[in-house]
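[1] One predicted model, sequence on top.
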Amino acid sequence: MDQVTFRSDTVLSDVHLLLPNARHLMTRLNAVGQPVFISRFKILRDSEEGDAGDGVSVVDAGEKTGRVTGGGEDKERGKREECRSGDSIFLDEDGDLDVERRPRGPASRGRDAICPIVLTQGGGAATDSEEEEDEPREEEELSRDVITIEHTMATPLEDVGKQVWRGAVLLADFILSQPILFQGATVLELGAGTGITSIVAATLAKRVYCTDVGQDLLNMCQRNVTLNRHLLDPAGDQVRVRELDWLGDTLSTETETEFSWAEEEVADLHDNATLLLAADVCYDDELTNALFRTIYRLASHFRNPSTIYLSIEKRLNFTLRHMDVSCEAYDHFRRCLDDLQDIADGKTSFTVEKVVPQFPQFFYYERIEQLELFKVTASPL
């Protein structure tokens, strides 16, 4: 049960592989027998480092947080200073535990004291001394800026929504860099997956409709929303996890299903939604077509002009069909964007522009050049 079995169609997000100071702890098996892990993503605030673009620490359950600073000698010096102060462990460039060795014999005299590192499983019962402490522990103090996410780590292609992907973190970076845009807004996310982008949006927005399809995935998303209620804007409404099937024609209002829409929610969405989000959801041509049909249908029913932000990672592969490196899913996505902009039905006009990702990086991940963000503006005619 502690091992993940890889099949020929198994895919793995490397967001989890690049987490510093992280050990992936399995918490349970989901309804379809997949191992579920928990990770904690810490948001770096300007008050902590002065520049949010420097990155943040991302830790799994049971781990302490260590900041990610600049590169080179300053980075190494920062790690060692944290170690001496007892705040954090430090890693080498590959993310492996870097343990100083004390040389034997007289040569060890005059050297700095070695920082002992104790790794624990985490989540154990508190000791009597911990229960008697008046001051909150470090983990509790950081909880305001720590997003806790349940996720899987390796799934078949049809279950990739249960993982955290770079496109979702890029979009979360953009949201945090544009607080005025999202403040008090009504937001709809399509293909939300684990819900991390919706949760970040809900720290600013008035209301967020977090949508996807599939009972097991929606249950995981709801659990993540519950785990992070303390982060949400007190002036806003709760994140509402709802089912939205792009292959369907309407929003389901069947009362017997857990994640169906209430009629007043559908009316609220049509009357007040101004922002739509979708993060790294275009990997299959049929689903991409369905996504753009859904975007067109929703934007055409909205009372107000709306803006859609779409993030995508251009995954390059060598194919025998082209005998070259290509990304067919990305190429199809770009054609769909062009087709959307060319629509002339007299009802809604769409304009597309590419957003240069020069905004600060609030989460620790590799922001590669293949990560792209597009802005689509929908205006009723």
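    Perfect, I can see it now. Numbering: from 1, shown residues only.

[2] Just the buried positions in stretch 338-349, please.
    Within stretch 338-349, the residues scored as buried using 16 or more other Cβ atoms under 10 Å are Leu340, Thr348, Ser349. For the C-beta atoms, the positions are set from N, CA and C on the backbone; glycine is no exception.

[3] Where strands are concerned, which of these count?
    Of the positions in the buried residues of stretch 338-349, Thr348, Ser349 sit in strands, assigned by DSSP state E.

[4] export the buried residues of stretch 338-349 to TSV and tack on pLDDT?
    Shown next, in TSV, are the buried residues of stretch 338-349 (pLDDT from 0 to 100):
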residue	pLDDT
Leu340	96
Thr348	93
Ser349	94
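
[5] and which of the buried residues of stretch 338-349 is nearest to Ala205?
    Taking Cβ to Cβ as the measure, Ala205 sits nearest to Thr348 out of those, at 23.0 Å.

[6] So the nearest residue to the closest one once chain neighbours are set aside versus Asp249, what's the distance?
    Of all residues not flanking Thr348 in the chain, Ser300 sits nearest, at 5.0 Å (Cβ to Cβ, 6 or more residues apart in numbering). Computed with Cβ to Cβ, to the nearest Å, the distance linking Ser300 and Asp249 is 13 Å.

[7] again, but for Glu256
    Distance from Glu256 to Asp249, by Cβ to Cβ: 19 Å.

[8] more crowded one of these two?
    Neighbours per residue, other Cβ atoms under 10 Å: of Glu256 and Asp249, the larger number sits with Asp249, 8 against 5.

[9] Any stretches of the stretch 101-250 of the chain with poor pLDDT?
    101-142, 233-237 (pLDDT under 70).

[10] So which residues of it form helices?
    Ranges of helices within the stretch 101-250 of the chain are 128-131, 138-141, 166-177, 179-182, 196-202, 215-227, based on DSSP state H, counting those that start in this stretch.

[11] Name the nearest residue to Leu340, ignoring sequence neighbours.
    Spatial nearest neighbour of Leu340, excluding adjacent residues (Cβ to Cβ, 6+ apart): Phe350 at 4.9 Å.

[12] Could you list the buried residues of the top strand by length along the chain?
    Secondary structure of the chain per DSSP E: the longest strand is strand 371-380. By 16+ other Cβ under 10 Å, the buried positions in strand 371-380 come out as Leu371, Glu372, Leu373, Phe374, Val376, Ala378.

[13] which residues touch the fourth one?
    With contact set as Cβ atoms under 8 Å, 6 or more residues apart in numbering, Phe374 has these partners: Tyr309, Leu310, Ser311, Ile312, Leu337, Val352, Glu353, Lys354, Val355.

[14] how far away is it from Arg240?
    26 Å.

[15] Next: the last one.
    Counting by Cβ to Cβ, the gap between Ala378 and Arg240 amounts to 22 Å.

[16] Check the model's average confidence along stretch 310-321 for me.
    For stretch 310-321, mean pLDDT is 79.

[17] related to what we said a few turns ago, mind saving the C-alpha coords of whatever helix or strand the residue nearest to Thr348 lives in as PDB?
    Take DSSP states H and E as the rule and Ser300 turns out to sit in helix 285-301. Output in PDB follows, covering the C-alpha atoms of helix 285-301 (Å, rounded to 0.1, in the frame of the first residue of the first chain):
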ATOM      1  CA  ASP A 285      -8.700  17.300 -28.300                       C
ATOM      2  CA  GLU A 286     -12.200  16.200 -27.600                       C
ATOM      3  CA  LEU A 287     -12.100  17.700 -24.100                       C
ATOM      4  CA  THR A 288     -10.500  20.900 -25.500                       C
ATOM      5  CA  ASN A 289     -13.400  21.300 -28.000                       C
ATOM      6  CA  ALA A 290     -15.900  20.800 -25.200                       C
ATOM      7  CA  LEU A 291     -14.100  23.300 -23.000                       C
ATOM      8  CA  PHE A 292     -14.300  26.100 -25.600                       C
ATOM      9  CA  ARG A 293     -18.000  25.200 -26.300                       C
ATOM     10  CA  THR A 294     -18.600  25.600 -22.600                       C
ATOM     11  CA  ILE A 295     -16.800  28.900 -22.400                       C
ATOM     12  CA  TYR A 296     -18.800  30.200 -25.400                       C
ATOM     13  CA  ARG A 297     -22.100  29.100 -23.900                       C
ATOM     14  CA  LEU A 298     -21.400  30.500 -20.500                       C
ATOM     15  CA  ALA A 299     -20.000  33.800 -21.700                       C
ATOM     16  CA  SER A 300     -23.000  34.200 -24.000                       C
ATOM     17  CA  HIS A 301     -25.400  33.800 -21.000                       C
END
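
[18] That one packs against which elements?
    Helices and strands touching helix 285-301, by 3 or more Cβ pairs under 8 Å, 6 or more residues apart in numbering; DSSP states H and E, are strand 186-190, strand 273-279, strand 306-313, helix 328-341, strand 348-355, strand 371-380.

[19] Determine which of these approaches Lys162 most closely.
    strand 273-279 (13.9 Å).

[20] which secondary structure elements does that closest one contact?
    Using 3+ Cβ pairs under 8 Å, 6+ apart, strand 273-279 is in contact with helix 166-177, strand 186-190, helix 196-202, helix 285-301, strand 306-313.
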